[in-house]
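In: Sequence and predicted model, in that order:
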Amino acid sequence: MSFPQIRTTAVEFPSTILRLLGLEIPEGLYQANQELVSKFSPKAVVMVVIDNFGLFEAVVYKPEALIKNMEALALIETEDPYALPLMKTLLQGPVNGFHMINHIKSYGKAIKVICREDDQTTFGFDPSYTVNPRDDMATYIEATKHIFKSELLYLHFLDFESLYAQYGHRTPPKTLLEKIVRRTDNWIKVLLRQARENTLFIVIGNHGRHPVPLDYDGKLAEWRKANAPIAIMFQKRSESS
């Protein structure tokens, strides 16, 4: 399986999103990744965050919709690949007081964030544009309501760790993770159908909130250990383009 890989960094990610949306980059932020910017010309952006998902899982579990539609695979270089520090950097960059979502909203863009209540506080999302679902299914349903009218839609799927805590002793964690990856892939397939033309999907995978023993052996264990956070990117294009 061949992936068109592009290396980027977590600290340049906010600038890249701003540039993709045609917005100015505030002073103090890193420059945008020009290789990514040159590939897409979106009118809207959908950011989908999946915990415990990376290049390793993409290769092993082969999520059909993500692989079929992928136009770029960004390997995200970061000092801390776990969910909370990574997402804080992706959203807030290196500048104190900067918040990418709030900055985009200040330009009058239609924003919707779908995340758990804890994340709203942790990441500084404003209640005016945030919905707090109880689980991933509710997150998906909310996304179907907003995808066609949002210029930036952010949603975070994180059932794996709660289900692992609940069922991990009965269901092998890698089996549980595979089911969640495939389920989420199916949801993204539906969201892609519902999205407007020229909507850019950015599917971000991180190492989860806590280390999870997935019990791989040999080479698989080595590859998993070296797993990098990723952003799988693809744009819904018109049939003529």
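Out: All right, it came through fine.
In: residues near residue 207, how many?
Out: Using other Cβ atoms under 10 Å, the number of residues around residue 207 comes to 21. (C-beta placed from N, C-alpha, C; glycine too.)
In: Next, the contact list for it, please.
Out: Counting by Cβ atoms under 8 Å, 6 or more residues apart in numbering, residue 207 makes contact with 52, 54, 81-83, 86, 227, 229.
In: and the top helix by length along the chain, which residues are buried?
Out: Identified as the longest helix of the chain according to DSSP state H is helix 173-194. Under the neighbour-count criterion of 16 or more other Cβ atoms under 10 Å, helix 173-194 has 173-174, 176-178, 180-181, 183-185, 187-188, 191-192 buried.
In: Quick check: the two most widely separated of those residues?
Out: 173 and 192 (28.1 Å; Cβ to Cβ).
In: quick one: secondary structure of residue 237?
Out: Using DSSP: H, G, I helix; E, B strand; the rest coil, the structure places residue 237 in coil.
In: Surely it and residue 200 touch.
Out: No. Assessed by Cβ atoms under 8 Å, residue 237 is found out of contact with residue 200, at 10.0 Å.
In: between the two, who's got more neighbours?
Out: Set side by side, residue 237 and residue 200 show more neighbours around residue 200, with 23 against 13, by other Cβ under 10 Å.
In: Wait, a strand at the more buried one?
Out: Yes. Counting by three-state DSSP, residue 200 is part of a strand.
In: Have a look at the protein and report the helix or strand with the lowest mean pLDDT.
Out: When the helices and strands of the chain are scored by mean pLDDT, DSSP states H and E, helix 218-225 comes last with a mean of 53.
In: can you pull out the helices in this protein?
Out: Using DSSP H, helices in the chain cover 13-20, 34-37, 55-61, 64-69, 83-92, 100-105, 117-123, 136-146, 159-167, 173-194, 218-225.
In: what mean pLDDT does the first one have?
Out: This means helix 13-20. Regarding helix 13-20, the rounded mean pLDDT is 97.
In: and what of the second one?
Out: When pLDDT is averaged along helix 34-37, the result is 96.
In: got the contact list for it?
Out: Outside helix 34-37, the residues that reach it (Cβ under 8 Å, 6+ apart) are 6, 8, 16, 19-20, 72, 74, 233.
In: ditto for the fourth one
Out: Helix 64-69 is contacted from outside by 1, 58, 185-186, 188-189, 192, 201, 203, 232, 234, using Cβ under 8 Å, 6+ apart.
In: Go through the contacts of residue 207 and flag which are in strands.
Out: Using DSSP state E, no member of those sits in strands.
In: Greatest separation within those residues: which pair is it?
Out: Farthest pair in those, by Cβ to Cβ: 83 and 227, 13.4 Å.
In: Give me the more crowded residue out of those two.
Out: residue 83 (25 against 19).
In: pretty sure the more buried one contacts residue 54?
Out: No. Using Cβ under 8 Å, residue 83 is not in contact with residue 54, being 11.6 Å away.
In: Can you pull the residues that touch both of these two?
Out: Shared contacts of residue 83 and residue 54, counting by Cβ under 8 Å, 6+ apart, come down to 206-207.
In: Since that was my last question, I'll sign off now.
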